[in-house]
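Asks: Kindly generate the corresponding structure for this input.
(one chain, ligands or ions: 2)
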Amino acid sequence: MTATIDLNDGTSIPQLGFGTYLVPPQDTAATVGSALEAGYRHIDTAQMYGNEAEVGQAVADSGLPRQELYLTSKLDNGNHRPDDVRRTFEESLTRLGLERLDLFLIHWPLPTRYDGDYVSTWKAVADLIGEGTLRSAGVSNFEPDHLERIIGETGIVPAVNQIEVHPYFPNERAREASLRHGIAVEAWGPLGQGAVLGDEAVASIAERTGRTPAQVILRWHIQRGDIVFPKSMNRARMEENARIFDFELSPEDVRAINGLDRGPAGRGGPDPNTFDYVG
Ligand SMILES: NC(=O)C1=CN([C@@H]2O[C@H](COP(=O)(O)OP(=O)(O)OC[C@H]3O[C@@H](n4cnc5c(N)ncnc54)[C@H](OP(=O)(O)O)[C@@H]3O)[C@@H](O)[C@H]2O)C=CC1
Ligand SMILES: O=C1CO[C@H](CO)[C@@H](O)[C@@H]1O
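Replies: Numbers count the residues shown, from 1 in each chain. Ligands and ions are numbered 1, 2, ... in the order given. Purely as a prediction, here's the structure:
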């Protein structure tokens, strides 16, 4: 169903996954179960989403071999204190019912409830790798200056940076800074959290290629080499979003989608420099 991307730590990750933000806990086991049935093998959750236990339930119920699945969670802003990194990582593992997580990210470069900074948090997250309970460590919502600081001060390069990326906000500065360091880019909100789906230019490409707007947008991400995990609570849309490996956008279509960039105004989610969610 999907291609894989090689990470800088020698592991690999399915390029297409399934997002679980705003999937309510009471619906998560069924929704993620449905995504696994539809062929998704990579699931993205977070301590913040409050649905790790139910993601774990879906994984257990699926009966799929653990090695066929790729599971990511993220450290919440309130858990940056190094002792809390370890404690809450272990709590995430327990909720997910796993012995080992594939990828753990610092969700935002924003320690709250802790006077230290995210550099010490990054060291604590990277240290988990040596213990056999984590395969890859990464970051999320890190701007170029955040990346420079953690790499410069610890010498440890994250495997991925998960950032907002979509046609209205291609986020080239953070994207290029990540790629320059050999860090794979995970594009969160790949459909602009729904905002790009009604775009006229996307609609006309969709009509001409016989695809849907979501498939055109997701294919644009895939051709850029980014990792995506669209969220949908609807089985037909989950299947639609996964049928993106059997066609290609022409260079002209890619250029037309590149032209939708709205600069900073295109950002749909919080700005990493001003976000004030405590966690
Ligand atoms: N690190 C971070 O800070 C962040 C990480 N993320 C991660 O990225 C994932 C994806 O981003 P997300 O915010 O969910 O937004 P997406 O860009 O994946 O968009 C999801 C929205 O699009 C709708 N949708 C999905 N597929 C289709 C389709 N084929 N046709 C029409 N509508 C569709 C969904 O509705 P419906 O369910 O009804 O189909 C939902 O409203 C998250 O779930 C989360 O795992 C997201 C935000 C921030
Ligand atoms: O992961 C997340 C889901 O999306 C939210 C914004 O839309 C983010 O704040 C959060 O980090």
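Asks: Provide a list of residues in contact with residue 213.
Replies: Counting by Cβ atoms under 8 Å, 6 or more residues apart in numbering, residue 213 makes contact with 196, 197, 198, 199, 202, 203, 206. To be clear about C-beta, it is placed using only N, CA and C from the backbone, and glycine gets the same treatment.
Asks: so which of those are also by ligand 2?
Replies: Among the contacts of residue 213, none lies close to ligand 2 by the criterion of Cβ under 6 Å from any ligand atom.
Asks: need the residues of the stretch 151-279 of the chain near ligand 2, please.
Replies: Residues of the stretch 151-279 of the chain lying near ligand 2 (Cβ under 6 Å from any ligand atom): 269, 270.
Asks: List, one by one, the residues from the stretch 151-279 of the chain near ligand 1.
Replies: 162, 188-194, 197, 214, 229-234, 237, 240-241, 269.
Asks: Drop anything exposed from these.
Replies: 162, 188-193, 197, 214, 229-233, 240-241 (16 or more other Cβ atoms under 10 Å).
Asks: The residues you listed: which two are farthest apart?
Replies: 162 and 240 (23.0 Å; Cβ to Cβ).
Asks: Return the subset of the residues of the stretch 151-279 of the chain next to ligand 1 lying in strands.
Replies: 162, 188 (DSSP state E).
Asks: quick one: residue 215 and residue 206, what's the gap?
Replies: Look at residue 215 and residue 206: by Cβ to Cβ, to the nearest Å, they are 7 Å apart.
Asks: I misspoke; the intended subject was residue 3.
Replies: From residue 3 to residue 206 the distance is 22 Å (Cβ to Cβ).
Asks: residues in contact with the residue of the chain at minimum distance from ligand 1?
Replies: For the chain and ligand 1, the shortest gap (Cβ to the nearest ligand atom) falls at residue 19, measuring 2.3 Å. Contact analysis of residue 19 by Cβ under 8 Å, 6+ apart lists 44, 188, 229, 230, 231.
Asks: and those residues as a markdown table, adding pLDDT?
Replies: A markdown table is the format used below for the contacts of residue 19 (pLDDT from 0 to 100):
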| residue | pLDDT |
| --- | --- |
| 44 | 99 |
| 188 | 98 |
| 229 | 98 |
| 230 | 99 |
| 231 | 98 |
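Asks: picking that back up, more neighbours, residue 215 and residue 206?
Replies: Higher neighbour count among residue 215 and residue 206: residue 215, with 22 against 19, using other Cβ atoms under 10 Å.
Asks: still on that earlier bit, enumerate the beta-bridge partners assigned to the residue of the chain closest to ligand 1.
Replies: Under DSSP bridges, the beta-bridge partners of residue 19 are residue 44.
Asks: Surely residue 49 touches residue 43?
Replies: No: in this structure residue 49 lies outside contact range of residue 43 using Cβ atoms under 8 Å: 11.0 Å.
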